[in-house]
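1. Starting from these lines, generate the structure:
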Amino acid sequence: MMTSNLLRGGRATFSGHSKMDENAVRELLDRLLAPWVRSLDLVPVSIGDDSVTLRLPFSGEFRHSGGVICGQVFTAAADTAMVVAISAALGEFRPMTTVSLNTNFMRPVRKGDVLVTARVLRMGRNLVFGEVELFDEDGKMAVHATSTYALTS
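-> Down below sits the predicted model:
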């Protein structure tokens, strides 16, 4: 199954059409994220013209007292993946801010890496609408988010 290979750290794939490659994504993640978000250690898996998949490696430190990964981790990963997807669609990073991020937690995740796939649904002059899906190690959707971003320059 492709999903489990990617969750185990399989080789990243990048669209021939995208203006961003793995190094550009890594540099974007390293340069723009707050230190606590960088500690999530998001890894580029694939990037297309208007989408990105990142792998969120499991860490026991992400769990809250109930033994499941806390929602703040998934929300930060979703927000970050969407910034990368928008940057891919633009061909570069441009300053932006999150206007809204509606997150639905569909199933608990107790262990294992999580794949985070973000897609640009509509790119306007000033607003960008997107969708993010997070899949657990069994390939089941655990989180679904919709988002709106304002391009600020």
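2. most residues in a single helix of the protein, which one?
-> Looking across the chain with DSSP state H, the single longest helix is helix 71-90.
3. can you pull the buried residues of that helix?
-> Within helix 71-90, the residues that qualify as buried are 73-90, counting by 16 or more other Cβ atoms under 10 Å. Quick note: C-beta positions are derived from backbone N, CA and C, even for glycine.
4. And for stretch 35-54?
-> 40, 42-48, 50-54.
5. Return the residues in contact with Gly91.
-> Residues in contact with Gly91 (Cβ atoms under 8 Å, 6 or more residues apart in numbering) are 19-20.
6. Distance check, it against Lys19.
-> Separation of Gly91 from Lys19 (Cβ to Cβ, to the nearest Å): 4 Å.
7. before we move on, what about Arg125?
-> Distance, Arg125 to Lys19, using Cβ to Cβ: 19 Å.
8. Between the two, which has more neighbouring residues?
-> Taking neighbours as other Cβ atoms under 10 Å, Arg125 and Lys19 compare with Lys19 leading, 14 against 6.
9. Confirm that the more buried one sits in a helix.
-> No - Lys19 is assigned coil when assessed by DSSP: H, G, I helix; E, B strand; the rest coil, not a helix.
10. show me what contacts Arg63?
-> 69-70, 110.
11. Could you say whether Trp36 sits in a helix, a strand or coil?
-> Following three-state DSSP, the label given to Trp36 is helix.
12. where along the chain do the helices fall?
-> Going by DSSP H, the chain shows helices at 2-7, 22-32, 35-38, 71-90.
13. so Val84 touches Val120, yeah?
-> No - with contacts counted by Cβ atoms under 8 Å, Val84 stays clear of Val120, the gap being 10.5 Å.
14. low-scoring stretches of the protein, by residue?
-> For the chain, applying pLDDT under 70 flags the ranges 1-18.
15. residue closest to the middle of it?
-> Ala81 (2.5 Å; Cα atoms, centre = their mean).
16. The residue nearest to it when sequence neighbours are not counted: neighbouring residues, count only.
-> Nearest non-adjacent residue to Ala81, counting by Cβ to Cβ, 6 or more residues apart in numbering: Ala118, 3.8 Å away. By other Cβ under 10 Å, the residues close to Ala118 number 27.
17. What residues does Ala118 make contact with?
-> Residues near Ala118 by Cβ under 8 Å, 6+ apart: 51-54, 78, 81-82, 84-85, 130-132.
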